[in-house]
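*Asks:* quick one, what's the 3D model for this:
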Amino acid sequence: MPESQQVDPTKGSVAFGAALFGWAFTLKQFARFYAKKYKLTEEMMMEKLWGDNFYDRETKKWTTEEVSASGK
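*Replies:* Predicted coordinates for the structure are as follows:
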């Protein structure tokens, strides 16, 4: 029996794409692009980009709450 393989976007083993429109990207590519902007490492940014993580513009911090304290 073949060994099972796990895929995980935060580990770079998943790509997203649309052949019809000719584009594809990995989470790592997005993380590399945004890591400097949010002053995080690529690895930390990859974790923030996947799952229930939200950037609160008011506090300029990452949170797991989708609504800020002001209700926005």
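*Asks:* how close does the nearest residue to Met44 once chain neighbours are set aside get to Asp8?
*Replies:* Spatially, and ignoring its direct neighbours in sequence, Met44 is nearest to Ala35 (7.6 Å; Cβ to Cβ, 6 or more residues apart in numbering). Heads up, the C-betas are built off the backbone N, CA and C, glycines and all. Remark: distance between Ala35 and Asp8 (Cβ to Cβ, to the nearest Å) = 19 Å.
*Asks:* ok, back up a step: number of nearby residues for the residue nearest to Met44?
*Replies:* By the measure other Cβ atoms under 10 Å, the count of residues near Ala35 is 17.
*Asks:* that one in helix, strand or coil?
*Replies:* helix (DSSP: H, G, I helix; E, B strand; the rest coil).
*Asks:* that one contacts Leu49, doesn't it?
*Replies:* No - using Cβ atoms under 8 Å, Ala35 is not in contact with Leu49; the gap is 10.0 Å.
*Asks:* quick one: contacts for Ala18?
*Replies:* Ala24 (Cβ atoms under 8 Å, 6 or more residues apart in numbering).
*Asks:* what bridges to it?
*Replies:* Trp23 (DSSP bridges).
*Asks:* do you know how far it is from Ala24?
*Replies:* Here the criterion is Cβ to Cβ. By it, Ala18 lies 8 Å from Ala24.
*Asks:* could you do Glu3 as well?
*Replies:* In terms of Cβ to Cβ, Glu3 sits 26 Å off from Ala24.
*Asks:* and Gln6, how many residues sit next to it?
*Replies:* By the measure other Cβ under 10 Å, the count of residues near Gln6 is 6.
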